[in-house]
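Engineer: Sharing a sequence plus its predicted fold:
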Amino acid sequence: MTTPLLELDDVTVRFLSGPPFRRHAHDAMRHVSLAVAPGETLGLVGESGSGKTTTGMTALGLRRPSAGTVRFGGMPFPKNRRRLTGRIQAVLQHPQWSLNPRMRVAHSVAEPLTILGDPRDTGGTGTAGRVARLLADVGLDPGLARRYPHELSGGQRQRVSIARALITRPEFIVFDEPVSALDVSVQAQILNLVRDLQAQFGFGALFISHDLAAVRYVADRIAVMRNGEVVETAGTDVFYSHPQHEYSRQLLEAL
Ligand SMILES: Nc1ncnc2c1ncn2[C@@H]1O[C@H](COP(=O)(O)OP(=O)(O)OP(=O)(O)O)[C@@H](O)[C@H]1O
C-alpha cells in the first residue's frame, strides 16, 4: 500500500470549557483514525457538532491532538507548522474568511506565495502570469483580477479562494463546507470545478460537508462522524448503496 498523504492515527482532541474551578472536558474527536491517499478525496460527513471541523483543523495542523498522531507524507507533523506552509491549504465555507476585503483579487490569490517567501515566486510578471492562469483554471475572467471581493458574486468569491489555495501547488487541501453558503445552482458548478481541478492538479483532499449529495459527487471514500467518533468508512459507491452503520442509514434516509 502507498504511504498515505495525510493520516490521523487514533487522534483525540479534548476541549476544556466552562469557568475556572468548574471546567469540564469535552472530546470533540475520540480515537479518530483516517487516511487520505495522494490524489484521493475523503468525504467527511456527520451532523452538526459531530467533530468534522475539529478534524479538518487537526488535519491542517491548526489544532494539536490531545492524544494520537497526525502524519503527513508518512512523517509526524512537524512541531513548527510553518514547515508545511504551502503544501497544505484550506478552502472554507465563507470565502470572506480567507479573502481580505481591502485586497484586489490578484493580490489575494498571490499572497500565499509571499508568505512562503519563495524568491522565485514572489513579485514580478511571473506571479502575475501565474495568477492569470489560475483564474482561468478556476473559470474566472482574468479581468476580475483587479476587482475587490465585494464586487464579486458568492460563487466567484469561492472560485477566488480556491485559486488562492492552489497557487502554492498544495499536495493536500481541506475543504470545509465549501458550497453550503452558495445557491444550489452555483453549488453544482463549484463541485464540478473541484473535481476538474483535482484531475488537473492531483491534490489529495478532505472534503467536509453535512450535505451527503455534495460529498457523493466529489469523494472517493466516505467517513461518517458521530459524537466525535468515526462510525463508518467506506468506498463512496458501497457507502451509498450499502451503508453498514445504523447512523449512516439514518443520515441517508434523511437525504
Ligand atoms: N474551541 C472549542 N472549544 C470548546 N468546544 C469546542 C471548540 N470547538 C468545537 N467545540 C465543540 O466540539 C464539538 C465538535 O465541534 P465541530 O465544530 O468540530 O463539529 P462539526 O461537525 O464541524 O459541526 P458544524 O457542522 O456545526 O460545524 C462540538 O460539541 C463543539 O461545541
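Structural biologist: Right, received. Where do you want to start?

Engineer: tell me, how many neighbours does S48 end up with?
Structural biologist: S48 has 7 neighbouring residues, counting by other C-beta atoms under 10 Å. (C-beta placed from N, C-alpha, C; glycine too.)

Engineer: now do the one 10 residues further on
Structural biologist: Other residues lying near T58 total 25 when counted by other C-beta under 10 Å.

Engineer: N100 too?
Structural biologist: 12.

Engineer: What pLDDT does the model give A128?
Structural biologist: Looking at A128, its pLDDT reads 87.

Engineer: any idea how far it is from the ligand?
Structural biologist: According to C-beta to the nearest ligand atom, to the nearest Å, A128 stands 37 Å off from the ligand.

Engineer: Nearest spatial neighbour of that residue, chain-adjacent residues omitted?
Structural biologist: Taking C-beta to C-beta, 6 or more residues apart in numbering, and ignoring the residues beside it in sequence, A128 has A106 as its nearest neighbour in space, at 7.1 Å.

Engineer: got the contact list for the one you found?
Structural biologist: Under the criterion of C-beta atoms under 8 Å, 6 or more residues apart in numbering, the contact partners of A106 comprise A128, V131, A145, R146.

Engineer: Please tell me how far it sits from the ligand.
Structural biologist: Remark: distance between A106 and the ligand (C-beta to the nearest ligand atom) = 31 Å.

Engineer: still on that earlier bit, weed out the non-buried ones from the contacts of A106.
Structural biologist: The neighbour-count test (16 or more other C-beta atoms under 10 Å) marks V131, A145 as buried among the contacts of A106.

Engineer: Go through the contacts of A106 and say which is closest to the ligand.
Structural biologist: V131 (31.2 Å; C-beta to the nearest ligand atom).

Engineer: List the buried residues for the helix or strand in which that closest one is found?
Structural biologist: In this assignment (DSSP states H and E), V131 forms part of helix 124-137. Of the residues in helix 124-137, those buried under the neighbour-count criterion (16+ other C-beta under 10 Å) are T127, R130, V131, A132, L134, L135, D137.

Engineer: Residues contacting it, please?
Structural biologist: With contact meaning C-beta under 8 Å, 6+ apart, helix 124-137 is reached by 105-106, 109-110, 113, 120-121, 141-142, 144-145, 160, 163, 166-167, 197, 200.

Engineer: where's the most centrally placed residue in the chain relative to T55, distance?
Structural biologist: Central residue check for the chain by C-alpha atoms, centre = their mean: the C-alpha nearest the mean position is that of V174, 1.6 Å away. Between V174 and T55 the distance, using C-beta to C-beta, to the nearest Å, works out to 9 Å.

Engineer: intersection of neighbour lists for the two?
Structural biologist: Between them, V174 and T55 share the contacting residues L206, I208, judged by C-beta under 8 Å, 6+ apart.

Engineer: Could you report the pLDDT at whichever residue of the stretch 151-255 of the chain sits closest to the ligand?
Structural biologist: Nearest to the ligand in the stretch 151-255 of the chain, going by C-beta to the nearest ligand atom, is H210, at a distance of 5.5 Å. On pLDDT, H210 comes in at 92.

Engineer: I am finished for the moment; much appreciated.
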